[in-house]
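Chemist: What follows is a protein structure lacking sequence information:
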């Protein structure tokens, strides 16, 4: 595939993922809002009409519930995810791993791991994020990070790689290695968790069923000779 065609295919795939994410978020939010509004308005109208409560009491109760939902993290959001690294992460030394000697075995499978980016990494613009799952690192159809060099397996944005990549080491990651020293991969975990097709998925959306009137039979037409 030509470089231009490959770039266009990647763009189309990301646009599709972005559209599905947007439709999913809007659909889920719409469903929840419609349901809540129906019950809430009906209940408030009923209580007010029977003079069980006053409007001031309703307003005070609404404010209290709003605070409680915010504290419990139950407020409706757009589904965006950001990573917040602890302050010491920036100064944490990286653990050296003999990646070059392992590449023919692992094929940089660590680049299939999923994680969100920080606000600073997004705004810096060096790392691409998945338009279908803001703001996770972007992966291609083969499952690897979009910045992985497909020929060498190395990182294409190494100097500007995310902080989590700078401090990560597979040396003691039992998800990757059954035996690190013997270079024995944990193939069971990898095949179960990192071998899925990274295609766009529709997580949820509002569907409306349009009821159509039965079709009216057409009048008999005279047969043509």
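Modeler: Received the coordinates, thanks. It should be emphasised that the depicted structure is a prediction, and the values quoted were computed from it without experimental measurement.

Chemist: What does the one residue sitting closest to the centre of the chain show for phi and psi?
Modeler: Among the residues of the chain, the one closest to the centroid is residue 133, at 2.8 Å (CA atoms, centre = their mean). Main-chain torsions, residue 133, degrees, to the nearest 10: phi -150, psi 70.

Chemist: Distance-wise, check it relative to residue 178.
Modeler: Distance, residue 133 to residue 178, by CB to CB, to the nearest Å: 30 Å. C-beta coordinates here come from the backbone N, C-alpha and C atoms, glycine included.

Chemist: Domain-wise, how is this protein divided?
Modeler: 3-72, 87-193 (automatic domain parsing).

Chemist: Flag whichever of those domains has the least confidence on average.
Modeler: Sorting the domains of the chain by mean pLDDT places domain 3-72 lowest, at a mean of 88.

Chemist: okay, the domains of the chain in TSV with distance to residue 79 next?
Modeler: Shown next, in TSV, are the domains of the chain (distance: least, CB to CB, whole Å):
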stretch	distance to residue 79
domain 3-72	5
domain 87-193	8
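
Chemist: dump the residue contacts of residue 102.
Modeler: residue 183 (CB atoms under 8 Å, 6 or more residues apart in numbering).

Chemist: One more pass at 10 Å, please.
Modeler: 108, 109, 153, 170, 176, 177, 180, 183, 185 (CB atoms under 10 Å, 6 or more residues apart in numbering).

Chemist: helix, strand or coil for it?
Modeler: Following DSSP: H, G, I helix; E, B strand; the rest coil, the label given to residue 102 is helix.

Chemist: do the same with residue 132
Modeler: coil.

Chemist: Leaving out sequence neighbours, find the closest residue to it.
Modeler: In space, residue 132 comes closest to residue 17 once its chain neighbours are excluded; the distance is 2.6 Å by CB to CB, 6 or more residues apart in numbering.

Chemist: Tell me the first helix or strand C-terminal of the helix ranked longest in the chain.
Modeler: The residue-count maximum for a helix in the chain (DSSP state H) belongs to helix 3-49. Where DSSP states H and E defines the elements, the next helix or strand beyond helix 3-49 is helix 55-72.

Chemist: Let me see the residues that make contact with that following helix.
Modeler: Contacts of helix 55-72 (CB under 10 Å, 6+ apart): 40, 43, 44, 47, 48, 53, 54, 74, 75, 76.

Chemist: what's the spacing between that helix and its chain's center?
Modeler: Mean C-alpha position of helix 55-72 versus that of the full chain (CA atoms, centre = their mean, to the nearest Å) differs by 31 Å.

Chemist: when you compare where that helix runs with where helix 3-49 runs, what's the angle?
Modeler: 140 degrees (axes from the mean of the first three to the mean of the last three CA atoms, to 10 degrees).
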